[in-house]
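Asker: Structure here, sequence nowhere to be found:
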């Protein structure tokens with residue numbers, strides 16, 4: 001195999017998410033037809049930190065749901081770590097999602113009846129049942145990394161909003177996903193807490209080399225991502241370095 005072929009193969013191996021001419025249409029063929037995403041083509045590689053921005057109604061959440069296999073495409077191709085997702089049944093989609101993707105939402109969706117540790121372990125318990133000693137140790141390590149080691153046995157409803165979002169980040173990382181998708185993860189937090197939570201994304205992006213795509217309305221946070229994807233009316237109108245984002249898009 002030539003050096004160029006080896007380099008090409010290595011680059012392909014690093015592509016975590018690939019979309020080719022992806023479209024999403026709701027209520028197709030009816031008077032209520034709504035074409036939300038138009039011919040979206042992009043790639044996200046391992047270790048990238050990407051901001052997904054756009055005005056309300058631009059299609060950001062729909063695109064994130066499609067990327068996360070929470071919704072299906074209408075046409076085009078979507079690959080997760082090289083796996084073509086078209087044609088997968090619901091069980092196969094669920095398995096690929098649980099193996100490859102971690103989620104952090106604006107509302108953390110923690111279960112107050114469970115301890116902080118059990119909330120972090122939840123994705124593993126859903127997949128494997130009783131977690132192993134190694135999995136428990138890794139969950140405890142993540143909680144220590146987000147500054148919550150002393151809260152492992154407490155109920156999540158005793159934590160502040162920022163602390164609860166830290167639990168959600170640890171939960172998203174516990175499966176060691178290749179891709180983390182975050183939908184307005186700092187939307188309900190004050191400025192200082194939002195900065196602290198975002199710093200965790202930056203840190204884990206570097207240390208774990210997982211690709212992270214963050215939907216945010218906060219221009220301060222999107223500017224801290226090396227790459228920004230801007231949507232307008234369901235179309236990608238900018239995809240490049242955040243520092244070079246035209247001022248008319250800010």
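Answerer: Received, thanks. Everything quoted here is computed from the prediction, not taken from an experiment.
Asker: Would you agree residue 96 falls within a helix?
Answerer: Yes: assessed with DSSP: H, G, I helix; E, B strand; the rest coil, residue 96 lies in a helix.
Asker: show me what contacts the closest residue to residue 109 other than its chain neighbours?
Answerer: Once flanking residues are discounted, residue 109 sits nearest to residue 168: 7.3 Å by CB to CB, 6 or more residues apart in numbering. Placement of C-beta: from N, CA and C, glycine included. Shown in contact with residue 168 (CB atoms under 8 Å, 6 or more residues apart in numbering): 104, 105, 108, 109, 110, 185.
Asker: List the buried residues in stretch 44-60.
Answerer: 44-46, 48-54, 58-60 (16 or more other CB atoms under 10 Å).
Asker: Looking at those, which are in strands?
Answerer: Counted as lying in strands by DSSP state E, out of these, are 44, 45, 49, 50, 51, 52, 53.
Asker: Tell me where the chain has strands.
Answerer: Counting by DSSP E, the strands of the chain are 15-26, 34-45, 49-53, 75-80, 83-84, 101-105, 179-183, 211-215, 227-232, 235-241.
Asker: Turn those strands into JSON lines, columns for mean pLDDT and distance to residue 145.
Answerer: What follows is the strands of the chain, written out as JSON lines (pLDDT from 0 to 100; distance: least, CB to CB, whole Å):
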{"stretch": "strand 15-26", "mean pLDDT": "93", "distance to residue 145": "22"}
{"stretch": "strand 34-45", "mean pLDDT": "93", "distance to residue 145": "23"}
{"stretch": "strand 49-53", "mean pLDDT": "95", "distance to residue 145": "17"}
{"stretch": "strand 75-80", "mean pLDDT": "93", "distance to residue 145": "25"}
{"stretch": "strand 83-84", "mean pLDDT": "90", "distance to residue 145": "29"}
{"stretch": "strand 101-105", "mean pLDDT": "88", "distance to residue 145": "14"}
{"stretch": "strand 179-183", "mean pLDDT": "92", "distance to residue 145": "14"}
{"stretch": "strand 211-215", "mean pLDDT": "94", "distance to residue 145": "15"}
{"stretch": "strand 227-232", "mean pLDDT": "94", "distance to residue 145": "24"}
{"stretch": "strand 235-241", "mean pLDDT": "94", "distance to residue 145": "29"}
